[in-house]
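Trainee: What would the 3D arrangement of this be:
(chains A, B, C and D)
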4 protein chains.
Amino acid sequence: MDNRPEHPSTREAPSRTSSAPPDRTIPSSADLLDGYRSVRQRSRYLTRGLVPEDQVVQSMEDVSPTKWHLAHTTWFFETFVLVPHKAEYSLHDERYPYLFNSYYVQAGERHCRAQRGYLSRPTVEEVWAYRKAVDDAMEAFLMEERPTEARALVELGLHHEQQHQELLLTDLKHVFSVNPLRPAYLELADRSDEPARPAMTIEPRWVSFPEGVYEVGWSGGGFAYDNEAPRHRRFLEPFALAHRLVTNGDYLAFMDDDGYRRPELWMSEGWARREEEGWTEPFYWERRDGSWWMFTLQGMRPVDLDEPVCHVNWFEADAFARWAGARLPREEEWEIAAAGAPIEGNFVESGRFHPVPALPAGDEGSGRPTLDQLYGDVWEWTASPYTPYPGFRPAPGAVGEYNGKFMVNQFVLRGGSCATAQSHLRPTYRNFFHPDASWQFSGIRLAKDL
Amino acid sequence: MDNRPEHPSTREAPSRTSSAPPDRTIPSSADLLDGYRSVRQRSRYLTRGLVPEDQVVQSMEDVSPTKWHLAHTTWFFETFVLVPHKAEYSLHDERYPYLFNSYYVQAGERHCRAQRGYLSRPTVEEVWAYRKAVDDAMEAFLMEERPTEARALVELGLHHEQQHQELLLTDLKHVFSVNPLRPAYLELADRSDEPARPAMTIEPRWVSFPEGVYEVGWSGGGFAYDNEAPRHRRFLEPFALAHRLVTNGDYLAFMDDDGYRRPELWMSEGWARREEEGWTEPFYWERRDGSWWMFTLQGMRPVDLDEPVCHVNWFEADAFARWAGARLPREEEWEIAAAGAPIEGNFVESGRFHPVPALPAGDEGSGRPTLDQLYGDVWEWTASPYTPYPGFRPAPGAVGEYNGKFMVNQFVLRGGSCATAQSHLRPTYRNFFHPDASWQFSGIRLAKDL
Amino acid sequence: MDNRPEHPSTREAPSRTSSAPPDRTIPSSADLLDGYRSVRQRSRYLTRGLVPEDQVVQSMEDVSPTKWHLAHTTWFFETFVLVPHKAEYSLHDERYPYLFNSYYVQAGERHCRAQRGYLSRPTVEEVWAYRKAVDDAMEAFLMEERPTEARALVELGLHHEQQHQELLLTDLKHVFSVNPLRPAYLELADRSDEPARPAMTIEPRWVSFPEGVYEVGWSGGGFAYDNEAPRHRRFLEPFALAHRLVTNGDYLAFMDDDGYRRPELWMSEGWARREEEGWTEPFYWERRDGSWWMFTLQGMRPVDLDEPVCHVNWFEADAFARWAGARLPREEEWEIAAAGAPIEGNFVESGRFHPVPALPAGDEGSGRPTLDQLYGDVWEWTASPYTPYPGFRPAPGAVGEYNGKFMVNQFVLRGGSCATAQSHLRPTYRNFFHPDASWQFSGIRLAKDL
Amino acid sequence: MDNRPEHPSTREAPSRTSSAPPDRTIPSSADLLDGYRSVRQRSRYLTRGLVPEDQVVQSMEDVSPTKWHLAHTTWFFETFVLVPHKAEYSLHDERYPYLFNSYYVQAGERHCRAQRGYLSRPTVEEVWAYRKAVDDAMEAFLMEERPTEARALVELGLHHEQQHQELLLTDLKHVFSVNPLRPAYLELADRSDEPARPAMTIEPRWVSFPEGVYEVGWSGGGFAYDNEAPRHRRFLEPFALAHRLVTNGDYLAFMDDDGYRRPELWMSEGWARREEEGWTEPFYWERRDGSWWMFTLQGMRPVDLDEPVCHVNWFEADAFARWAGARLPREEEWEIAAAGAPIEGNFVESGRFHPVPALPAGDEGSGRPTLDQLYGDVWEWTASPYTPYPGFRPAPGAVGEYNGKFMVNQFVLRGGSCATAQSHLRPTYRNFFHPDASWQFSGIRLAKDL
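Mentor: This next block holds a predicted model:
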């Protein structure tokens, strides 16, 4: 028992936690080089069909222009790897750090977020020249084995770029959506080789979990963000999760039952926002000639009732769950349910950029049902505000601003989406957005107390 | 036609929880009558020194005019007790429900909150006539023993009025504070009979608690709000709480160490607000001739270094704790620490309307230190976002809007303040405000992981 | 070192104009004392039926609380007469100048206009004590004959208080109107002694004026504001004015002809405001059970088709005129038409506080028609932006801020209203408001080119 | 004398005015074809150095993207000439009218102005394809002599495109200015062949005009906008204009004399805006290392004291004039002074895109001084609110929205700028902007009463 008399504000390091993420295995320079080439190449791949005009626009403050994402991820490697760790490196352009720092206060002054769409220069071509210069330096840098600290920052940079690849897609979706022409990011590839999917509505089932003290959080080994640590214990009362995601059909039933007109289903703040902004359906849905359509990265499409509902914000997800007599899962419930499950699903690699319906489970009748659609398709809103784990310590230095300073007024989402890279995900991964955010691929899985 | 598949959302009652607050003992009508007279009388007492002009002003949207509080608490009894439960009751004024419903959507349309200060009528005198009429009806009503449901609503109404008595004081403080004349609510009573308090800074000490599965939440018996139930289990890693509140002196050290100029100490949203609104010291502090003064309900006073710091918002409390190498307590940590402690302290009954310094502990050297200032003085910000407990169910009907619909983007505070009635408090009590709120008597107790 | 060339900007006084208002006759102290008592007494009279609560509220930024008007007009005499001109005068309360200066930058710092409704203190009673103290000092001051400059300031102060008496009424009307109880300022006096007015719609007729060089502006003699000088010449093309004001019936025809739904009738800015704020009828009109009602200082009343339309803003007046194939008068056209006409009409002295219908003209068939309703009833919007006259010079000192600094983005109104004192008006009087203002008694007279 | 008894709102055409612009000579189709090619070619020329990214950005609501200007001017010909007047013309893209209609309500629904910068598509290339298609159709159309009405609309379209060429430049200047890289629109051409300009400050002189009845407004003949008609008479008191524009040096003297810190020099609204937005120097000026620099279309340059001050808004111009003991000219004063003067000066054709200093007058000592810099360099703010001339009638149809609906809350500017085409100007030309606009090439000429 601790009975120390000294003042709380002595600012010594708390005794129990060490720097997060602790003790993990950092890949070798050679492995990082492979990863670097692969991740950087994907940014090129994802933007191959765009014209320069597409890459300039910022259609709301949350959105960044494509070329900004391409430059910012490059700035990250330049600032956190090359400048401190590469001998005699000089900046590609000394004006770029000001333009392409996002929010790292400790990394210097930066351009106003709301004005990223006001920059016609540097051009897309100049941004690619910037990427080329940094790629050359990074590849040279990774030709030798580097100290742990430098390698850890390279690894962080790769995960960082994967995150921005997802944002690049969701941001482009928003940019195209506000254009009355509704341009498609992707002209739908010929899908004749895909077997026709039968119209098939999957019955949802509850999967139960007993009460107990569980461990959650990063358990060591591979990469994790600091916000996933430290591993710690939680007591959970018994609960159940729905085995599949909520579908557009489920959500339409909520809409048809006046879900958007019944304040008793909503949080007070959500209702106020709903009234101010006139929410009456999920973001990107449009009523055309008596039918529901939705904007996708492939352009406008009729709403498919069997697909997971998508682009709902937390207030909508919460109201839907209340209407359904259920609730949203807590993040630890999701993590416990996901422990041991394979990381499989509909990710960015599928090239669909859109969620797909659940398939009939192979395990029907086999006893305990398993959870479907855990990874990919849509990020699953949880009931958990985004807070630090017991013993959380941000990573030291500017990269410590990556996660920790956002732990207020946001909610955790789990599981990744159709715009997330498969290699980016793990059971302990915590994504987070404000409860009014709907431009991400965000959906709903129901939970209940037992 | 609805041919939905059987879905988790069948809205059956969850199996485990019953209506909250469950199974509690409801006082008899006779006891409620005593309580009614006592609580209602206090509203008269608290407003005895005011002129009509004081009772009209709404100095910001969060603030309500005094006469609105006096009428709204009356409307509560009229709407939830007299109208449904008293035979042949007719409304005192059929236009008042529209004016004095605060946010109960299920109780009908209501006046815009932001315009409460635009109402010169009904006058203060008319509001007191309204109170008189409802008091007469309520007292007659309580002359007989009434059904449980009705008595439960009377009891709820009394706690409701106690809450509004506290708001009435904090709102008046704000109203007076924005007036360049800085009027005092209370001309400072002669304190010559109070022993002079020696300048005495109490060293803070840590009080430790071991890991374990703890029970938290309302355990039955007396009154509780629905948000305190059901009682449930939590696993806690070992932690410690500071034995006393953070003082003005402690907080000045933070200010002097550039606490308001170091973004790394702040949540990102807090820092943005700080920059927009120019926070540089606690709310109600003013710099005069090189010294710090503060506005109190007794008028302007020099800042007393030994008093608990007050009128800090959550962002400030969180930044201070980070600067101090500590953190804010979780609400369950506070509740566990408070379990079994007497509900003693500096409450509204003291007539001070201001927090007071901690006293030297009598138990020094006696072994385990105890926590001081747990109740009264200032509400203690916790690290816990305000969320439903596992199994939470709002009370049925419009009174179910009392708590549940606010469970987003707010933080829990514990322990009551110098403006709270002693009888209003209990260890499981959960107060909640947005993280930018600073017009309440809100302060800081530090915690840390062990 | 300044070695600027000799430039036009040498700031010598322009050669032609002298200080405005020039060469006018200033009443004697004895006459001013009579006027002082009379004007000050009217402020008491106009507020005799109010409770303190009514006098605190500021229902929008343009509105000031009654007690603020009462104090501000008092501050004007104290600041501009007593302080500079009365020996050994000391301020009634040294904190009041900060509170009750409206916009005179040269008279010192002042309280924020938008927060006048946040002040519960000084109380109404304290404001009357302030008035009493200043009245005593002013009456003593005027017992002796005073220098011209001092007497001119007293006279200005009386006209200033008359203006504020009108604002006090229009502001109270707004305060009461936003209250769902719709309280009446004036319980309608028994009008049984008034002869019943027959329903009688007066046909409008055009009164024509030939082209020519006319003189406009203050021609010397009695009081005028600086903005009415100097007298100067204007060439006017031939024009005509309607002999009476536009009525509610006329305006309803515009509404029934989709006047609020046809953008081609509106200025672009007016249309944008109309869409943002949903204008569909004059301010203070309400639809009740299929009929049009209006809020008046006597409470809610059915719209009378023969009364002049009132509480229209400039955008509405301009759109109505365009719909009618006409236009608004220019201010000089109005002044020429009014030259020589008696200052008669429905003023504040009538105690109606509401415009009345035109009466059948006695001169019908007698030859040239005359203009009716020139003075009183409603201020008449003109087509003239409020600009300085050729040779205009503001009065020296802080009182020079009275008029001149508002000469942008406002329009001139002429003729006074049912809330204006008869003695306050003259043919050259220029009132001015922003084109979106509708809380004044403002109406329409049509004009056209010939 | 008109003594008609009918109601003013009979909406017959006023008797005196005919459709504006009246009776003017419309060029032949052959001449219009020459003009068409010339004007359209200039749009190509002005955008020749831009990359696609430059043409997408909307840096504030007043600004439109370059490609929007290029498409909107094309839409104008398509909508007002080709669709109504060319047999069997079909729209190039039926979705474009929605996107490229600016504010013509009668021409159909349109895209939100504030979101023009959200459109990545159509691309710059697609916009040029649109221009090509319309050019082909227009050139074919103009191969034959067309009816007067159609030819008048072609002529209007050419002047319209010239206006947008100026806006295209001022908008690009703003777009580049908000970019921290401060890109230059124009890499400064080699100026070695220009004779070095000696530092030479020209003394300003007053040019006087006697009182009298003057005619102003369009006098027939060539093209004019409807707002320049009808010609009418004005009486003017004697006045004088400064012979040259106010220079940066003059303006610096105002700044050095605390011009931005003395509220008595400012209109009340201007002062409020100054305080809110922190105006302390002309738009585009920056303080660098103790010197004043300005952003130009050639990039950043030190402020040249002899150049005309530029990018001041009306509030600044008015305050400067008051400080200088002078005033701004009325628009009719400017027009009278300009009558008969040659339309010469520094226009867009010079390729400088920046104002130049006045030259020593050749007429010094020759008697009456003449006015310099009347045309070109900078638009000259006048003291005249933008109002309709007596007898003004907007052109019929949607093109009648070109000018008339903006006649409120704006001020007239005269004389054109360094970004205006010489052929676009004439003495009666009335430009107009809101008094807070500073992104145009707007400057100051002083006037005074005599």
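Trainee: CA only for contacts and neighbour counts going forward, please
Mentor: Noted.
Trainee: Can you pull out the low-pLDDT segments for chain A?
Mentor: Applying pLDDT under 70 to the predicted model, the residue ranges of chain A that meet it are A:1-23, A:187-200, A:361-369.
Trainee: Can whichever helix in it runs longest be said to contact chain D?
Mentor: Residue-count comparison of every helix in chain A, with assignments taken from DSSP state H, identifies helix A:148-177 as the longest. Yes: taking CA under 8 Å from any CA of the partner chain as the criterion, helix A:148-177 and chain D are in contact, through A:V175, A:F176.
Trainee: Enumerate the residues of the stretch 1-150 of chain A near chain D.
Mentor: Within reach of chain D by CA under 8 Å from any CA, the stretch 1-150 of chain A has these residues: A:51-59, A:95, A:99, A:117-121, A:123-124.
Trainee: Let me see the residues that make contact with stretch A:57-71.
Mentor: If you take CA atoms under 8 Å, 6 or more residues apart in numbering or on different chains as the criterion, stretch A:57-71 is touched by A:43, A:54-56, A:100, A:113-114, A:116-117, A:124, A:127-128, A:130-131, A:164-165, A:168, A:171-172, A:174-175, A:178, D:56-57, D:117-120.
Trainee: What subset of the residues of the stretch 1-150 of chain A next to chain D is buried?
Mentor: With burial judged by 16 or more other CA atoms under 10 Å in any protein chain shown, the buried subset of the residues of the stretch 1-150 of chain A next to chain D is A:51-59, A:99, A:117-121, A:123-124.
Trainee: the strands in the stretch 151-300 of chain A, which residues?
Mentor: When secondary structure is read from DSSP state E, counting those that start in this stretch, the stretch 151-300 of chain A shows strands at A:206-209, A:212-216, A:232-236, A:239-242, A:285-288, A:291-296, A:299-302.
Trainee: check contacts around A:Y386.
Mentor: With contacts defined as CA under 8 Å, 6+ apart, A:Y386 is in contact with A:M407, A:V408, A:N409, A:Q410, A:F411, A:V412, A:F432.
Trainee: do that again at 7 Å, thanks
Mentor: Remark: with contacts taken as CA atoms under 7 Å, 6 or more residues apart in numbering or on different chains, A:Y386 is in contact with A:M407, A:V408, A:Q410, A:F411, A:V412, A:F432.
Trainee: all helices of the stretch 51-200 of chain A, in order?
Mentor: In the stretch 51-200 of chain A, helices defined by DSSP state H, counting those that start in this stretch lie at A:66-77, A:83-85, A:96-100, A:124-141, A:148-177, listed in chain order.
Trainee: among those, which is the most enclosed?
Mentor: Looking across those with neighbours counted as mean count of other CA atoms under 10 Å in any protein chain shown, the highest average goes to helix A:66-77: a mean of 24.
Trainee: how far is it from where the chain is centred?
Mentor: Remark: helix A:66-77 is offset 17 Å from the chain centroid, using CA atoms, centre = their mean, to the nearest Å.
Trainee: same check, this time on stretch A:412-428
Mentor: Remark: stretch A:412-428 is offset 6 Å from the chain centroid, using CA atoms, centre = their mean.
Trainee: contact partners of it?
Mentor: With CA under 7 Å, 6+ apart as the contact definition, stretch A:412-428 has outside contacts at A:159, A:162, A:166, A:217-218, A:228, A:331, A:335, A:338-339, A:346-349, A:353-355, A:374-382, A:384-386, A:429-433, A:441.
Trainee: Next step: the residues you listed restricted to helices.
Mentor: Cross-referencing the contacts of stretch A:412-428 with the helices (criterion: DSSP H) gives A:H159, A:Q162, A:E166, A:E331, A:E335, A:A338 as the overlap.
Trainee: Could you check how far the third one is from chain D?
Mentor: Shown here: A:E166 relative to chain D, a distance of 20 Å by CA to the nearest CA, to the nearest Å.
Trainee: now do A:L169
Mentor: In terms of CA to the nearest CA, A:L169 sits 15 Å off from chain D.
Trainee: gap between stretch A:95-112 and the chain center?
Mentor: Here stretch A:95-112 is found 22 Å from its chain centre; the criterion is CA atoms, centre = their mean.
Trainee: and if you look at stretch A:329-340?
Mentor: What separates the centre of stretch A:329-340 from the centre of its chain is 17 Å, taken as CA atoms, centre = their mean.
Trainee: now do stretch A:394-409
Mentor: A distance of 16 Å separates the centroid of the chain from that of stretch A:394-409, by CA atoms, centre = their mean.
Trainee: Which positions within that stretch qualify as buried?
Mentor: Of all the residues in stretch A:394-409, those buried under the rule 16+ other CA under 10 Å are A:394-395, A:398-409.
Trainee: Residues in contact with that stretch: which ones?
Mentor: Applying CA under 7 Å, 6+ apart, the external contacts of stretch A:394-409 come out as A:19-20, A:104, A:106-107, A:226-227, A:385-388, A:434, B:266-268, B:409.
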